[in-house]
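1. Next one to model:
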Amino acid sequence: MQEERLKILLQYLEEEPNDPFNIYSVAMEYMNSNPGKALGYLEKLLVLHPEYVPTYYHAAALYFESEQLEKAEEVYQKGIEIAHQKQNKKAYDELKRAYRMFQDEIE
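-> Predicted coordinates:
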């Protein structure tokens with residue numbers, strides 16, 4: 001089932017490679033099975049679509065999991081800033097909460 005869903009998402013991405021949701025969907029599909037590949041897609045989003053707020057939460061978490069702490073902190077801070085600029089209160093609150101938990105973990 002997961003393979004079939006991934007195949008469909010990759011097809012959508014091939015058809016519309018500049019749609020940030022398509023890139024994000026593929027990243028989320030890889031999240032559990034291949035975190036490195038998921039991070040690659042999230043990094044692509046950070047570069048090509050820096051205003052796509054959902055990227056920041058997951059990218060920062062994967063950086064943390066792979067012990068890239070400076071990168072995780074940078075991504076959390078940038079995500080909080082962008083969510084604030086875009087007045088996305090829900091994402092802003094979620095990122096702030098996740099960032100506080102991150103800070104507690106590294107202290």
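2. okay, CA-based contacts and neighbour counts for the rest of this
-> Noted.
3. Residue 59 and residue 40 touch, don't they?
-> No: with contact defined as C-alpha atoms under 8 Å, residue 59 does not count as touching residue 40 (9.2 Å).
4. Which one of those two is surrounded by more residues?
-> residue 59 (26 against 14; other C-alpha atoms under 10 Å).
5. Check the secondary structure at the more buried one for me.
-> At residue 59 the chain is in helix, as set by DSSP: H, G, I helix; E, B strand; the rest coil.
6. Pull up the gap between it and residue 6, please.
-> Applying C-alpha to C-alpha, to the nearest Å, the value for residue 59 to residue 6 is 19 Å.
7. State the pLDDT value of residue 1.
-> Residue 1 is assigned a pLDDT of 62 by the prediction.
8. actually residue 107, sorry about that
-> Looking at residue 107, its pLDDT is 84.
9. That one - how many residues pack around it?
-> Neighbours of residue 107 using other C-alpha under 10 Å come to 5.
10. Residue 81 now?
-> Neighbours of residue 81 using other C-alpha under 10 Å come to 16.
11. same check, this time on residue 57
-> The burial count assigned to residue 57 is 21, neighbours taken as other C-alpha under 10 Å.
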